[in-house]
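> show me the folded form of this:
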Amino acid sequence: MLYDSPILVGSLRELPSIEVGGAQHRFIGYQMAQFDTKSFIGDLERIVRSASDIIGEIPYDRYNFLGLGMGNRGSEQLNSTAIAFTGERLDIDPENRLRTLAFLEHEYFHHYNVKRIRPIELGPFDYSRPNRTNGLWPSEGLTVYYENIILKGAGLIGPVQVLEDWENTIQGYENNAGRKKQTLAQSSWNTWEDGPFEGVAKRYLIMKRVRSSGCCLPLLSAMPVRTRGPSMM
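The predicted structure follows:
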């Protein structure tokens, strides 16, 4: 569990906590800019509620969002996520704000889909050797699939934007020549082929394929179900 419990030390700032489903959610960050914290935390609360409504439960007592300052990317843990975050331009750049909230939502939803619902190779880990899996694509792809559903459920985007984003995802998949040369299982297996720091550009392209292509399968599989049942829109 210690490997899955990051520690953030420094001159930190804590935003107002929220409670959803009886669980406390804290946001603590390093070198955060000045922004409308009440509005931001309100959006984050709606995201947590929307995500937990899909699964039907919250499997923790406390959850921490850890803002690491400048940078990019993030990492999910069982009861927290550590993400590059400063909060700059949240109040003046709507597109940046939505990207930031989508990023937080993606890493947050991983506590369900990756940390608890996961390929067997992704935990418990054997830290003495690489832990490769052919099943990274449902872990990332399903999480990407649910991004827009969760954001719409939180009232942050509308049905038109959901469909436009899915359209762009499908077009990205169709225009990716790699889909004809490498299966999703192979993409999953090769994601960390060069280690965590070497081959960054190559790994980015593989991970992009894992996410976009992995999203298309559940998206296309769900369409017949959604067209016969109550509309998600």
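
> right, and residue 25 touches residue 15 too?
No. With contact defined as Cβ atoms under 8 Å, residue 25 does not count as touching residue 15 (10.0 Å). For the C-beta atoms, the positions are set from N, CA and C on the backbone; glycine is no exception.

> where do the helices sit along this protein?
37-55, 94-109, 136-153, 159-174, 184-190, 200-228 (DSSP state H).

> run a quick neighbour tally on the closest residue to residue 53 other than its chain neighbours.
Nearest residue to residue 53 in three dimensions, chain neighbours excluded: residue 153, at 6.7 Å (Cβ to Cβ, 6 or more residues apart in numbering). When neighbours are defined as other Cβ atoms under 10 Å, residue 153 has 18 of them.

> thought residue 153 was touching residue 48?
No. Under the contact definition of Cβ under 8 Å, residue 153 does not touch residue 48, with a separation of 10.8 Å.

> could you pull up phi and psi at residue 92?
phi -120, psi -10 (degrees, to the nearest 10).

> separation between the closest residue to residue 133 other than its chain neighbours and residue 68?
What sits nearest to residue 133 in space, not counting adjacent residues and going by Cβ to Cβ, 6+ apart, is residue 121, at 3.9 Å. For residue 121, the distance to residue 68 under the criterion Cβ to Cβ, to the nearest Å works out to 27 Å.

> among these two, which residue is more densely surrounded?
It is residue 68, of residue 121 and residue 68, that has more neighbours when counted by other Cβ under 10 Å, with 19 against 15.

> any idea how far residue 219 is from the more buried one?
In this structure, residue 68 lies at 31 Å from residue 219, with Cβ to Cβ as the measure.
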